[in-house]
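>>> return a 3D structure for these sequence lines:
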Amino acid sequence: MLAPVSYRLFHDGKYRVITIIPVNETLPNGMLHSTGVYKLSEGPVGLGEIVFDSKMENWEYNGFGDISYQQVNEIMLYIKRINEEQDEL
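Alright, predicted model coming up:
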């Protein structure tokens with residue numbers, strides 16, 4: 001994932017829109033490379049980061065705010081699915 005996306009998270013009977021912003025590096029050839037770090041926010045409020053290892057197998061969340069581990073896990077699975085779909089292209 002190289003561009004920000006919005007994710008609709010169902011919480012307490014309504015949807016929350018969580019923005020997922022990938023942290024990318026620009027390689028010497030000008031191409032973007034994913035660092036495995038994804039910043040989460042809800043509107044102007046930052047919710048922390050999901051950080052994956054190089055193989056996207058293990059992850060950790062260094063966040064805060066009104067978001068549960070289960071909700072972060074749901075977002076993590078979404079990020080993994082998007083990256084897998086893009087790898088297939």
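>>> from here on, contacts and neighbour counts on C-alpha atoms
Fine.
>>> count of residues packed around residue 20?
Taking other Cα atoms under 10 Å as the neighbour definition, residue 20 ends up with a count of 22.
>>> and for residue 39?
Counted with other Cα under 10 Å, the burial measure for residue 39 works out to 20 neighbours.
>>> what's the answer for residue 49, then?
Under the criterion other Cα under 10 Å, the count of neighbours that residue 49 has is 21.
>>> so what's it closest to, chain neighbours aside?
Spatial nearest neighbour of residue 49, excluding adjacent residues (Cα to Cα, 6 or more residues apart in numbering): residue 39 at 4.4 Å.
>>> for the chain, just list every one of the helices.
Read by DSSP state H, the chain holds these helices, from start to end of the chain: 69-88.
>>> flag the shaky bits of it, pLDDT-wise.
In the predicted model of the chain, residues 88-89 satisfy pLDDT under 70.
>>> rewinding a little: pretty sure the residue nearest to residue 49 is touching residue 45, no?
No. Here residue 39 lies out of contact with residue 45, judged by Cα atoms under 8 Å, at a distance of 11.0 Å.
>>> returning to that earlier point: against residue 21, how distant is the residue nearest to residue 49?
Using Cα to Cα, to the nearest Å, we find residue 39 at a distance of 5 Å from residue 21.
>>> ditto for residue 52
Counting by Cα to Cα, the separation of residue 52 from residue 21 is 14 Å.
>>> now do residue 37
Relative to residue 21, residue 37 is positioned 9 Å away (criterion: Cα to Cα).
>>> show me what stretch 67-78 is in contact with.
Stretch 67-78 has contacts (Cα atoms under 8 Å, 6 or more residues apart in numbering) with 7, 9, 47, 50, 61.
>>> now do it: distance to the chain's middle.
On the basis of Cα atoms, centre = their mean, to the nearest Å, the separation between the geometric centre of stretch 67-78 and that of its chain is 9 Å.
>>> what's the answer for stretch 8-28, then?
Relative to the centre of its chain, stretch 8-28 is centred 5 Å away, using Cα atoms, centre = their mean.
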